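Q: fold the following for me, if possible:
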Amino acid sequence: MLILKPKKDFEVSVEAEITPDLAEKSEEEIKNFEVWYGKYKVKLGELFEIKKEGDEKKLVLEGDFSRVKWIGRGMPDGEIIVKGSVGAHCGAFMSGGKIVVEGNADDWLGAEMSGGEIVVKGNAKNLVGCAYYGDLEGMKGGKILIEGNAGNYIGEKMAGGEIEIKGNAGDFVGTEMKNGTIIVHGDCGFVGGDMKGGTIKIGGKFDLLPSFKKAEDGWVGDINVGGEGKIVKI
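A: Okay, here's the model as predicted:
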């Protein structure tokens, strides 16, 4: 297990593509692992206190990581526990393993992930499980659970997997969605624009586009794009 703590409050963003693989390296390799601090490339040991306990494939991040981006990028297995909030792109491209964020998450949580699990105990911002600009597919597999609220463009271009939000969400949930499931237990804005497939389940109030047709168990659309996605009230 590897424990990291920030040595100071970061004045600019840190881009640190740290995964549980780092816990299997030697302390010297960990200290010399290179990250970006603003426009400067620095060693991990310059920014974080480092404590290694055994060889378990697990990262524990203690403190404020809200300015640290790309945590868990592409991770295939292992576990990351963030005892605080986390910056943008957390869990992007991950294919396995588990990330637990005990605070809040910034934009692009789980973007284009294909497997694994992300749990956020607080709130998440925008673009959860989305495709990056110019890409055709967002989240393809795995599960994202947000116990608080989430922002706009949740699951845009989603092609598989599941996103569950215990609170409320913003506008444009499931835009251009192809497959998978989005569950919003609270309220949200417009849902399913240009949706081609998949299922959106909503517990509270939401805004429905006129391009959805009423079905026995909800609504089907977006008929403007020949879509067969389902929106269901729960």
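Q: I'd assumed G198 was in contact with T175.
A: No: T175 is beyond contact range of G198, at 11.3 Å (criterion: C-beta atoms under 8 Å). C-beta: built from backbone N, CA, C; applies to glycine.
Q: please identify the helix or strand for the residue most central in space within the chain.
A: Closest to where the C-alpha atoms of the chain average out (C-alpha atoms, centre = their mean) is L109, at 2.2 Å. In the assignment (DSSP states H and E), L109 maps to no helix and no strand.
Q: contact partners for V60?
A: 1-4, 80-81, 83 (C-beta atoms under 8 Å, 6 or more residues apart in numbering).
Q: one more pass at 6 Å, please.
A: Contacts here follow C-beta atoms under 6 Å, 6 or more residues apart in numbering; on that basis V60 touches 3, 81.
Q: please, which helix or strand holds it?
A: According to DSSP H and E, V60 maps onto strand 58-62.
Q: check the offset of that strand from the chain's centre.
A: Averaging C-alpha positions (C-alpha atoms, centre = their mean, to the nearest Å) puts strand 58-62 17 Å from its chain's average.
Q: stretch 48-68 now?
A: 19 Å.
Q: that older thread, name the strands paired with the strand holding V60 and say parallel or antiparallel.
A: Within its sheet, and counting by DSSP bridges, strand 58-62 is paired with strand 2-6 (parallel), strand 79-83 (parallel).
Q: in PDB, could you pull the C-alpha coordinates for the next helix-or-strand element following the last one?
A: With elements assigned by DSSP H and E, the helix or strand that comes after strand 79-83 is strand 98-101. Coordinates of each C-alpha in strand 98-101 appear next as PDB, following Å, rounded to 0.1, in the frame of the first residue of the first chain:
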ATOM      1  CA  LYS A  98     -12.000   0.500  -7.800                       C
ATOM      2  CA  ILE A  99     -11.700   4.200  -6.900                       C
ATOM      3  CA  VAL A 100     -13.500   5.600  -3.800                       C
ATOM      4  CA  VAL A 101     -13.600   9.400  -3.400                       C
END
